[in-house]
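Colleague: got a predicted structure plus its sequence, pasted below:
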Amino acid sequence: MLGVFCLRGGHGTRPEPIRVAGMGVLCAYVTPGGPREGRRLARAEKRLRRAGVSRILPCRGSGPDCSLPAVGTLPLCRAMADRLVMSALARRAILPQQATVVLRGEYPDGDLAEAAYRLCPRVRQVVIETVRGGEELQHRLYREFGASVDPAAAEESVLRVRFSGSPAGEGVRLCTQSDVADVRLEAPGVELPDFLEPAPALCALWQAGRLSLEQVRVQNT
């Protein structure tokens, strides 16, 4: 169950159900301001926990402090890694047909492998650099796409993407939530409450099966 804090006065103490693009969310209203705001927030959080809320949808701006984990965007960003790569290439003015994309990680997990399969038809070359298990994936890419590892292209045409492990100067990192904190996502036609941060809300909708990846776009900023 998802919850959200609404800093508005004049409401009762019980969390109220609201709809976010058709998804049920429990909203806890907290009267803002004054020396007792923290105490009111703690009571609202306790009520949400008792109602079965396990994660919070972040509000725009800083929002109230809460010990419940917030919904992040990392799972959605990893699932859309190919589009984040294409966006990064566009920002760097690198033509896809000239780009070498290096996918790095400790092993080729599902997100890395999926990104490789989606990128192979779109860029010049996809290279797998993992601590273990990368050779098998590289062979599969060669059999299906002819994606052999040729001599390295010019450095300015290389984009490195990190899925796990320690960062080493990659242009795109998809390891932690902080790596994707500045990624801006949108889903045209999906109406969200104005007080919610759009990207986490879209991730929650996708995880709930109410939004497909095809509906989500990366904003080039």
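Modeller: Thanks, I have it. Residues are numbered from 1 along each chain as shown.
Colleague: my guess is Leu205 contacts Val20, does it?
Modeller: Yes - between Leu205 and Val20 there is a contact under CB atoms under 8 Å: 7.4 Å. Backbone N, C-alpha and C define where each C-beta goes, glycine included.
Colleague: surely Gly189 meets Arg217?
Modeller: No - Gly189 is beyond contact range of Arg217, at 10.8 Å (criterion: CB under 8 Å).
Colleague: look at these two and report which has more neighbours.
Modeller: Using other CB atoms under 10 Å, the more surrounded residue of Gly189 and Arg217 is Arg217, with 15 against 7.
Colleague: who touches the more buried one in this structure?
Modeller: 83, 185-188 (CB atoms under 8 Å, 6 or more residues apart in numbering).
Colleague: let's see that with 6 Å instead.
Modeller: Contacts for Arg217 were tallied using CB atoms under 6 Å, 6 or more residues apart in numbering; they are Glu186.
Colleague: give me the neighbour count for Pro35.
Modeller: Neighbours of Pro35 using other CB under 10 Å come to 6.
Colleague: and it, which helix or strand is it part of?
Modeller: Pro35 belongs to no helix or strand when elements are defined using DSSP states H and E.
Colleague: also Leu103?
Modeller: strand 100-105.
Colleague: convert that strand to CSV, retaining C-alpha atoms only.
Modeller: The C-alpha coordinates for strand 100-105 follow below in CSV (Å, rounded to 0.1, in the frame of the first residue of the first chain):
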residue,chain,number,x,y,z
THR,A,100,29.9,2.6,-29.0
VAL,A,101,28.0,1.9,-25.8
VAL,A,102,29.9,0.1,-23.1
LEU,A,103,27.6,-1.5,-20.5
ARG,A,104,29.4,-2.1,-17.2
GLY,A,105,28.5,-4.0,-14.0
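Colleague: show me what that strand is packed up against.
Modeller: Secondary-structure packing of strand 100-105 (3 or more CB pairs under 6 Å, 6 or more residues apart in numbering; DSSP states H and E): helix 110-119, strand 125-130, strand 158-162.
Colleague: farthest from the middle of this protein: give me that residue.
Modeller: Seen from the C-alpha centroid of the chain, the residue lying at the greatest distance (CA atoms, centre = their mean) is Pro35, 35.5 Å away.
Colleague: okay, helices next: where are they in this structure?
Modeller: For the chain, applying DSSP state H gives helices covering 37-50, 74-79, 81-91, 110-119, 134-145, 198-207.
Colleague: please work out which of those helices is packed deepest.
Modeller: Ranked by mean neighbour count under mean count of other CB atoms under 10 Å, these are led by helix 198-207, which reaches a mean of 22.
Colleague: can you show me the CA trace of that one as PDB?
Modeller: Once non-C-alpha atoms are left out, helix 198-207 reads as follows in PDB (Å, rounded to 0.1, in the frame of the first residue of the first chain):
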ATOM      1  CA  PRO A 198       5.900  13.100 -11.300                       C
ATOM      2  CA  ALA A 199       8.800  10.600 -11.800                       C
ATOM      3  CA  PRO A 200       8.300   8.500  -8.600                       C
ATOM      4  CA  ALA A 201       4.500   8.500  -9.200                       C
ATOM      5  CA  LEU A 202       5.100   7.100 -12.700                       C
ATOM      6  CA  CYS A 203       7.400   4.500 -11.300                       C
ATOM      7  CA  ALA A 204       4.700   3.400  -8.800                       C
ATOM      8  CA  LEU A 205       2.100   3.200 -11.600                       C
ATOM      9  CA  TRP A 206       4.500   1.100 -13.700                       C
ATOM     10  CA  GLN A 207       5.200  -1.200 -10.800                       C
END
